[in-house]
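> using only what follows, build the 3D model:
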Amino acid sequence: MRIVVHGGHPLNGSFRPSGNSNSAIALAAAALLTDETVTLRGVPDTLSTAATFESARALGVEVTLEDGVCRLQAGALQTRFLAEEVTDGQVSAILFLAPILARRGHARIELPPPLSRYHPHLAALRDLGVTIQASGTVLDFHVEPWDTRDITLLQASVTTTALVCMLAAALGRDTIVRNAASEPHVQDLQQMLVMMGAQIEGIGSNLIHIRGDETLGGADLTLSPDHIEIATIASIGAITHGSLHIEDVKPEHLRLIVRVLARLGVNLYLNSSTLFLPAHDALVVSQTDEELDVPIETAPWPGFPSDLVAMTTVVASQARGMTLIHEKLFSNRLLFVDKLAAMGAQIVLCDPHRALIVGPSKLRGGYMDTPDVRTGLALLGAALCAQGTVTIDSAELIDRTFENVVSRLVALGAQIEVVQA
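Just a heads-up that it's a prediction; the model follows:
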């Protein structure tokens, strides 16, 4: 999909966020742990959730989706083999290993290379007692129920934590997980496992204690609002000098994000379940003695999310002052800054983890492709505050994680044309 963006129009009005698509993916896999019906509410219509539901159907799950309500009912799973055509090359498809192992004891999966990218997941499975045999890119797994396990994850990985929690809820009598991820979508999964019959202590922390139940039941859960989408829309509103009310938010998911954006001059106000952005004439980087020369750093949750580093970089390009962004978790999240520089931003990429931004810069129109699902919405934000017209190719990647984002931005006053489906 190609879109044409006419910059310089402020966003104004009310915005209601989508449910968290990462939650939907994990919860869809967890629904296969039982043969009872699982109902998920607030499910976003994204490319990633659609692919997940297709994978579930390929395993024999009955999936119905209407108006954001998804019902999944998994009878006997039709296969123990997750072939590449089922996983569609998605890393998240490895989550389906948990219900297959829990219900059938054996599983096989074909993973796209390199296998090294799955090392934290496989190490955690071995720590739970899962035996793994690899033949090229095809891996065979076998597991038996256990009484007690006390494991430490190599990384605070969301996918690894979700895998371990599902297996522990179904197969373990008593399992302790250390260095666990604690993002809102992980908390959604843990809450649903509790609904299904497991006992979990430490939800929202990196130390989880799970007491499993071999006969997990159904559940009915409403997904958390997508905190990344909320922060991104608020940021775009700020750099276009608009005013927004974002409704149905969870303040506990946004407090640190609000503090970090305040350092770039973005004033956001949380009131119960509403986030308010007043119109800003200009953004100014904080110059207080205690914050001067202090970088904005990403960190595992509840730290500042890496998924917001691209949008934060765009905001910094529009704020008067100098900002150092330090992406501590991934080595490729800042490589998109060449596209911002081509639009006129003053950015020095110090190394793959650090970028120095001097603002404000007048961004100009032109052409760009969308390099990554995580940076696509940030580049769209840059286009919306640019002077002139920006053409963005491969814009459908934005819909992989965010539901109908183009039409919802248009409803707030953005001038965007879809010129090629």
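
> okay, CA-based contacts and neighbour counts for the rest of this
Will do.

> all the strands of the stretch 301-421 of the chain, residue numbers only.
Per DSSP state E, counting those that start in this stretch, the stretch 301-421 of the chain carries strands over the ranges 319-326, 346-351, 354-359, 364-369, 387-393, 415-420.

> which of these sits closest to residue 44?
Residue 44 sits nearest to strand 415-420 of all the strands of the stretch 301-421 of the chain, at 21.0 Å, using Cα to Cα.

> which strands or helices does that closest one pack on?
Contact partners of strand 415-420 among helices and strands, from 3 or more Cα pairs under 8 Å, 6 or more residues apart in numbering; DSSP states H and E: strand 2-6.

> who are the packing partners of the strand it packs on?
Using 3+ Cα pairs under 8 Å, 6+ apart: strand 2-6 touches helix 376-384, strand 387-393, strand 415-420.

> okay, those in TSV with mean pLDDT next?
Conversion of the helices and strands packed on strand 2-6 to TSV gives the following (pLDDT from 0 to 100):
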stretch	mean pLDDT
helix 376-384	92
strand 387-393	90
strand 415-420	87
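
> nearest to residue 197, of the ones you listed?
That would be, of these and by Cα to Cα, helix 376-384, which comes in at 38.1 Å.

> which residues are contacting that closest one?
Residues from elsewhere that reach helix 376-384 (Cα atoms under 8 Å, 6 or more residues apart in numbering): 5-9, 232, 236, 240, 310-311, 314, 340, 363, 365, 370, 389-390, 392, 395, 397-398, 414-415.

> next structured bit after the helix or strand where residue 256 lies?
Assigned by DSSP states H and E, residue 256 belongs to helix 255-262. Moving toward the C-terminus from helix 255-262, the next helix or strand (DSSP H and E) is strand 269-271.

> between the strands of the stretch 301-421 of the chain, which one is nearest to residue 194?
The nearest among the strands of the stretch 301-421 of the chain, by Cα to Cα, is strand 319-326 at 36.6 Å.

> please state the offset of the helix holding residue 256 from the chain centre?
Taking Cα atoms, centre = their mean, to the nearest Å, the mean C-alpha location of helix 255-262 is offset from the chain mean by 18 Å.

> CA atoms only for it, dumped as CSV, please.
Provided in CSV are the C-alpha atoms of helix 255-262 (Å, rounded to 0.1, in the frame of the first residue of the first chain):
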residue,chain,number,x,y,z
ARG,A,255,3.4,6.9,34.0
LEU,A,256,7.1,6.4,33.0
ILE,A,257,6.3,7.1,29.4
VAL,A,258,4.7,10.4,30.3
ARG,A,259,7.7,11.3,32.4
VAL,A,260,10.2,10.6,29.5
LEU,A,261,8.1,12.6,27.0
ALA,A,262,8.0,15.5,29.4
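
> next, the buried residues of that helix.
257, 258, 261, 262 (16 or more other Cα atoms under 10 Å).

> one more: stretch 18-27?
18, 19, 20, 21, 22, 23, 24, 25, 26, 27.
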